[in-house]
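Enquirer: Dropping the sequence and predicted coords here.
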Amino acid sequence: MNSMPFNVRDCTLIMRMGGVEPAANMRELRERVAVCPTESLFHHFCETVIRPTFDDPEFRNDFAVWSAHSLNDRVLAERLGIINPYALSSFEELREIVIDILDERLSEVPFVQWALGGDFRFMQAATVVFDSDIDLVEPSDLVEQLPNMSHSSIYYHFVEARRRTPDGSDDFTVWLQDFGESTEPMRAAMASIDFYHLTLSQLKDKATSALRRVEIPEVKHDS
């Protein structure tokens with residue numbers, strides 16, 4: 001069977017303002033979340049994993065981090081922190097869930113706490129994609145080359161890809177489908193990884209380990 005080689009890409013982010021005013025308290029955060037671009041929601045929930053400035057051991061999204069450290073509201077932070085955007089059908093559904101959580105918390109607190117550690121600034125980012133020096137020709141190449149891929153390549157093909165592929169899967173899985181049923185164990189291994197709360201280093205290690213535990217088919221290409 002013929003399949004196109006997989007050209008591994010790398011990427012970086014170019015940051016810009018999200019188009020809404022900063023939020024200085026929970027009520028303002030609720031108002032801004034209701035109108036901010038979906039690209040801003042994507043940035044604060046999903047692109048944190050690739051930002052070198054993001055380093056929080058407890059929470060994966062910026063809203064939870066800000067709630068914990070600037071509002072000093074651990075209850076709100078934990079409710080926001082457990083949201084997995086990739087388990088939802090759209091970012092509009094994500095917006096509704098965040099608003100519901102903020103409304104619920106606003107109804108519980110006796111007063112609105114102002115941020116002590118700085119306002120929440122809504123951002124968004126453009127992804128700039130460029131070639132790496134890695135090409136995959138057959139499934140065994142993925143197992144061999146995965147440990148050599150940069151964290152930003154892992155992000156682009158395993159995480160960011162879920163916004164681009166028709167069924168919300170990663171780029172490697174889409175490519176492996178072209179080889180037919182023989183790669184089903186590899187695709188199942190990739191699909192089994194609960195990646196959202198992992199660092200990119202952890203994700204690469206888990207994906208590598210998962211693929212090494214399954215049978216890798218030998219592919220005969222048509223002449």
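Expert: Yes, it's here.

Enquirer: On the pLDDT front, check the spatially most central residue of the chain for me.
Expert: Central residue of the chain (Cα atoms, centre = their mean): C46, 3.7 Å from the mean position. If you check C46, the pLDDT there is 94.

Enquirer: Same question for the helix or strand encompassing it: list its buried residues.
Expert: Taking DSSP states H and E as the criterion, C46 maps to helix 38-46. Using 16 or more other Cβ atoms under 10 Å as the test for burial, helix 38-46 gives E39, S40, L41, F42, H43, H44, F45, C46. For every residue, glycine as well, the C-beta is placed using N, CA and C.

Enquirer: Just give the closest residue to the last one, not the sequence neighbours.
Expert: What that stands for is C46. Nearest residue to C46, sequence neighbours excluded (Cβ to Cβ, 6 or more residues apart in numbering): P85, at 6.1 Å.

Enquirer: One more: the fourth one?
Expert: When the adjacent residues along the chain are set aside, F42 lies closest to F91, with 6.1 Å between them (Cβ to Cβ, 6+ apart).

Enquirer: same thing with the third one?
Expert: Excluding the flanking residues, the one nearest L41 by Cβ to Cβ, 6+ apart is F91, at 5.1 Å.

Enquirer: same thing with R51?
Expert: Sequence neighbours aside, L13 is the residue nearest to R51 in space, at 6.9 Å (criterion: Cβ to Cβ, 6+ apart).

Enquirer: which SS class is the one you found?
Expert: Taking DSSP: H, G, I helix; E, B strand; the rest coil as the rule, one finds L13 in the strand state.

Enquirer: any low-confidence regions in the protein?
Expert: The model of the chain has pLDDT under 70 over residues 1-2, 220-223.

Enquirer: chain center to the longest helix along it: distance?
Expert: Looking across the chain with DSSP state H, the single longest helix is helix 91-108. Centroid displacement of helix 91-108 relative to its chain, using Cα atoms, centre = their mean, to the nearest Å, is 20 Å.

Enquirer: Just want the angle from it to helix 38-46.
Expert: For helix 91-108 against helix 38-46, the angle between stretch directions is 70 degrees (axes from the mean of the first three to the mean of the last three Cα atoms, to 10 degrees).
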